[in-house]
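In: generate coordinates for the sequence data below:
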Amino acid sequence: MTLWYLARGSGLVLLAVLTANLVLGIAIQGGWHPGTWPRFAVQAMHRNLALLAVVLLAIHVVTIELDPFVPVGWWAALVPFVSPYRPLWLGLGTLSLDLMGAVVVTSLLRAHLRPRWWRVIHWLTYLSWPVAVLHSLGTGTDTRLTWVFGFEVGCVGLVAATVIFRVARATRPRAGVRGLLMVAVAATPMAVLAWSTAGPLQSGWARRAGSPTTALASGGPAAARGQASAQVPFTARFLGSATSSPSGQGETITISGRVQGGAGGQLLVSLAASRLPDGTVTVDRGTVTYRPALGSQVYKGAVVSVVPGSLVLRLARGGGGAVPAELTIQGPVPATSVSGLLYFGAVPASQGGEDGGQDS
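Out: The predicted model follows:
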């Protein structure tokens, strides 16, 4: 999951850096200049922001490709619209990458190009930004988070305000045409808001955007919104630890760790146990909390049966029905390292009943 979080975080930071660089470039072209800064310092900032964007872009692409959560494919990092995962929206990101790559390469070869050709290609920077914004809105798994969507719309609004500033200071075209351009640019954030409300902010967007059924069923980006992970049974590997601590007349056994596969995430089981004189541990009751990866949904419930090496669980999320589950544990408990399998949505192996108090 670290790779997926890094991919999402680097994408948002990349959009912020691209926006800042674009705003700075437009402002410079419009004649803006901070009074206390020498001109070369402003130009250096503009250039360094571009270099930072290239680094973030590399991190963003590599982490997405290395993460097994979604089937993107290395070829799709260079050729737009060929990925099986959200082909249109991911393809826009690839197109933005290709445009930025053209600018970087020609900047390195600037001494060998005619100034006019270099300026024409450099204008691709202005095209790569709106393409990147559409990619972020359509592909981003966090678009429906209020702060993320507000950040993306804020980037659009900031660029729109800078363009209006640039057009207002221009001497060409005529005043009437400049006025129409300014009105059109000012309407852009509202257009983005309206389109997003009808598209990426709607339930079911992951499927409509082109997420493969396998990605939805495995708890990929769609699971971040809680759309598929609860309805589709899965089996995933569990890696964690089991600790024991005194509690009243007995002890509390805590089993916690990561779910690798399926909907991913974190699982926490707390068992209230009594230790008999012969050393046998009897579980009186238990609670469980499961947080799927990427999403805000939390499943809570109880341990309904304990048999050697297996815990039968019953969980529920807010507003949802009960979900059966089973956690098998290999090795002794407690232990600094335990592993096993989590069956979510089905209990295929256990023969335990609905009563607690079984021996462990």
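In: avg pLDDT for the host helix or strand of residue 58?
Out: For residue 58, the host element (DSSP states H and E) is helix 39-66. Mean per-residue pLDDT for helix 39-66: 89.
In: do stretch 81-96 as well
Out: 88.
In: list the buried residues of that stretch.
Out: 83-87, 89-96 (16 or more other Cβ atoms under 10 Å). All C-beta atoms are positioned from the backbone trio N, CA, C, and that covers glycine.
In: among those residues, which are in helices?
Out: Within the buried residues of stretch 81-96, residues falling in helices by DSSP state H are 87, 89, 90, 91, 92, 93, 94, 95, 96.
In: make a markdown table from those residues and add distance to residue 35 to it.
Out: Shown next, in a markdown table, are these (distance: Cβ to Cβ, whole Å):
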| residue | distance to residue 35 |
| --- | --- |
| 87 | 49 |
| 89 | 42 |
| 90 | 44 |
| 91 | 44 |
| 92 | 39 |
| 93 | 38 |
| 94 | 41 |
| 95 | 39 |
| 96 | 34 |
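In: nearest to residue 134, of the residues you listed?
Out: Proximity of these to residue 134 (Cβ to Cβ) peaks at residue 92, which lies at 5.1 Å.
In: pull the residues that contact the host helix or strand of residue 179.
Out: Assigned by DSSP H and E, residue 179 belongs to helix 175-198. Applying Cβ atoms under 8 Å, 6 or more residues apart in numbering, the contact partners of helix 175-198 are 133, 137, 143, 149, 153, 156-157, 160, 163-164, 167-168, 170.
In: check stretch 132-147 too.
Out: 8, 11-12, 14-15, 18, 86, 88-90, 92-93, 96, 148-149, 152, 155-156, 192, 196, 199-201, 205-206, 209, 221, 224-225, 294.
In: pLDDT weak spots in this structure?
Out: 1, 68-71, 211-232, 278-281, 294-296, 318-320, 346-360 (pLDDT under 70).
In: could you pull out the strands for it?
Out: Ranges of strands within the chain are 234-247, 250-260, 266-275, 281-291, 299-307, 310-317, 322-330, 335-344, based on DSSP state E.
In: still on that earlier bit, buried ones among the contacts of stretch 132-147?
Out: Counted by 16+ other Cβ under 10 Å, those give 8, 11-12, 14-15, 18, 86, 89-90, 92-93, 96, 148-149, 152, 155-156, 192, 196, 200, 205-206, 209, 221, 224-225, 294 as buried.
In: before we move on, back to that, I'd like the contacts of helix 175-198 as a markdown table, with distance to residue 328 appended.
Out: Compiled in a markdown table, the contacts of helix 175-198 are given as follows (distance: Cβ to Cβ, whole Å):
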| residue | distance to residue 328 |
| --- | --- |
| 133 | 46 |
| 137 | 41 |
| 143 | 37 |
| 149 | 40 |
| 153 | 46 |
| 156 | 49 |
| 157 | 52 |
| 160 | 55 |
| 163 | 59 |
| 164 | 62 |
| 167 | 65 |
| 168 | 67 |
| 170 | 69 |
